[in-house]
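Asks: After the sequence you'll find the predicted model.
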Amino acid sequence: MQSSSYTRDRCVTGVHGLDEILRGGIPYGSTVLAAGTCGSGKTTLGMEFLVRGAATGEACAHFTATEPSVKLLENIRQFPFFDMGMVDSGLINVFDMDVLYSWLGLEKASFDLEDVHALIKAITDIVNTIGVTRLVIDSVTTLCYKIKSEQLIRDFLFTLGKKLATLGCTTILISEITSATENAHWSSFGVEEAICDGIIVMGDVERMGHLLRFLQVVKMRGTAHSRAKNTLELTPLGVMLTPMLKWGSTVDNKQGWG
Ligand SMILES: Nc1ncnc2c1ncn2[C@@H]1O[C@H](COP(=O)(O)OP(=O)(O)OP(=O)(O)O)[C@@H](O)[C@H]1O
Ligand SMILES: [Mg+2]
């Protein structure tokens, strides 16, 4: 049998250190769960993923369910890496989930099958119309709270992921978790981790009284990757990942720290 040298095309994230971990980037069309504890840098990572794509002319979209878009942009524009011009020019399109719900007449506490299909159609129509190739949903946890059955959440994520992949869109689904330890679930509903092509975990580790952020790639279908813990720093130039064992020797002022 012939050995294959086939490698899938990659969506180069542009996030410092992440493409090295992923041996070149996220395989195109993947749905990646970025599961993290509060304040672990999920939104910043998602936004940087979009900024790096927009910088090469890709159309990007961010659906925000955890904070209103005005607040989200107010916060993220504090980081010099974020370019508000990309929003103004339509390269990065930010949508409030609440606004989307009201367009669809879905201002209710729980969604049934029909509502879920309407939501999938609305998201995929937006992706298709704008030609979005990078998408972030922040967060899928907040969104799925309205979907009461596990089976419906599974169908929602599976169908959404499949449709987005067909449209050539690489997606980060942000998930809020309460613990990022080895034995923890990396999803809120227990179904997201099996359905997603990749899982990135983000959390905190305490070192000598300091709470350090870490990031670890747990799975990524279609590529070899490191599973080591990396420290995650939020710098003016964006997220910076450093293998945890090396931490302390490689951080310097060249990374844009003031
Ligand atoms: N200008 C800045 N430079 C460096 N770090 C910052 C800056 N602004 C905020 N932060 C840090 O970033 C954290 C928030 O990051 P981010 O919003 O990406 O996390 P998150 O995981 O999405 O949080 P949440 O759980 O609230 O959604 C803040 O708690 C703060 O520690
Ligand atoms: Mg957030």
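Replies: The structure has been received and is ready for your questions. Ligands and ions are numbered 1, 2, ... in the order given.
Asks: What's the local residue count around the nearest residue to E192 once chain neighbours are set aside?
Replies: Distances taken as C-beta to C-beta, 6 or more residues apart in numbering place L33 nearest to E192, at 5.3 Å, with adjacent residues excluded. Yep, even glycine has a C-beta here, placed from its N, CA and C like the rest. Counted with other C-beta atoms under 10 Å, residues neighbouring L33 total 26.
Asks: and L33, bridged to which residues?
Replies: Following DSSP bridges, L33 is listed with bridge partners L173, I199.
Asks: The helix or strand containing G85: which residues count as buried?
Replies: Using DSSP states H and E, G85 sits in helix 84-88. Judged by neighbour count using 16 or more other C-beta atoms under 10 Å, the buried positions of helix 84-88 are M86, V87.
Asks: interface residues of this protein facing ligand 1?
Replies: Residues of the chain that fall close to ligand 1, judged by C-beta under 6 Å from any ligand atom: G36, C38, G39, S40, G41, K42, T43, T44, T66, Q78, F79, L234.
Asks: Just the buried ones from the residues you listed?
Replies: Looks like the residues of the chain next to ligand 1 have G36, S40, G41, K42, T43, T44, T66, F79, L234 buried, using 16+ other C-beta under 10 Å.
Asks: Now, those residues that are in strands?
Replies: Counting by DSSP state E, the part of these found in strands is G36, L234.
Asks: can you count the residues close to T56?
Replies: 10.
Asks: now do K71
Replies: 11.
Asks: And I153, by the same measure?
Replies: Neighbourhood size, I153 [other C-beta under 10 Å]: 25.
Asks: In terms of helices and strands, where is it?
Replies: Using DSSP H and E, the element containing I153 is helix 150-166.
Asks: Could you give me the buried positions within that helix?
Replies: For helix 150-166, burial by neighbour count (16+ other C-beta under 10 Å) applies to L152, I153, R154, D155, F156, L157, T159, L160, G161, K163, L164, A165.
Asks: What is it packed up against?
Replies: When contacts are defined as 3 or more C-beta pairs under 8 Å, 6 or more residues apart in numbering; DSSP states H and E, helix 150-166 sits against strand 31-36, helix 113-130, helix 140-144, strand 170-176, helix 192-195.
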